[in-house]
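*Asks:* No letters, just coordinates:
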């Protein structure tokens, strides 16, 4: 299951969360290396966007909880279909 997650960090001074932000990138790289994330990008200013490929809503919940433990944030989450699945759906109907 694909989910696009966009973080909107709580408003704090960047200097106040610098050490937590340093933990984020190794965490994100681990998810990329394990195939749990397909991409992770920083947003200009604050926040990040990631495309997660997980088996369940519970797995997504676990990832977002880990992320928020490092950098408290609200998340916009969008479930996605890859192009092949979208075409297959159209061909079935």
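*Replies:* Sure, I can see it. Just so you know, these numbers come straight off a predicted model, no measurement behind them. Residues are numbered from 1 along each chain as shown.
*Asks:* tell me the contacts of the most centrally placed residue in the chain?
*Replies:* What sits nearest the mean C-alpha location of the chain, by CA atoms, centre = their mean, is residue 50, with 3.5 Å. Shown in contact with residue 50 (CB atoms under 8 Å, 6 or more residues apart in numbering): 4, 5, 28, 31, 37, 39, 40, 41. Heads up, the C-betas are built off the backbone N, CA and C, glycines and all.
*Asks:* where does this structure have its least confident helix or strand?
*Replies:* None of the helices or strands of the chain scores lower by mean pLDDT, DSSP states H and E than helix 83-92, at a mean of 85.
*Asks:* hang on, the earlier thing: buried ones from the contacts of residue 50, can you make that a PyMOL selection?
*Replies:* Of the contacts of residue 50, the buried ones go into a single PyMOL selection, burial set by 16 or more other CB atoms under 10 Å:
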select buried, resi 5+28+31+37+40
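*Asks:* Go through the contacts of residue 50 and name the one nearest residue 79.
*Replies:* Nearest to residue 79 out of the contacts of residue 50 is residue 4 (CB to CB; 8.1 Å).
*Asks:* Please name the bridge partners of that closest one.
*Replies:* residue 51, residue 78 (DSSP bridges).
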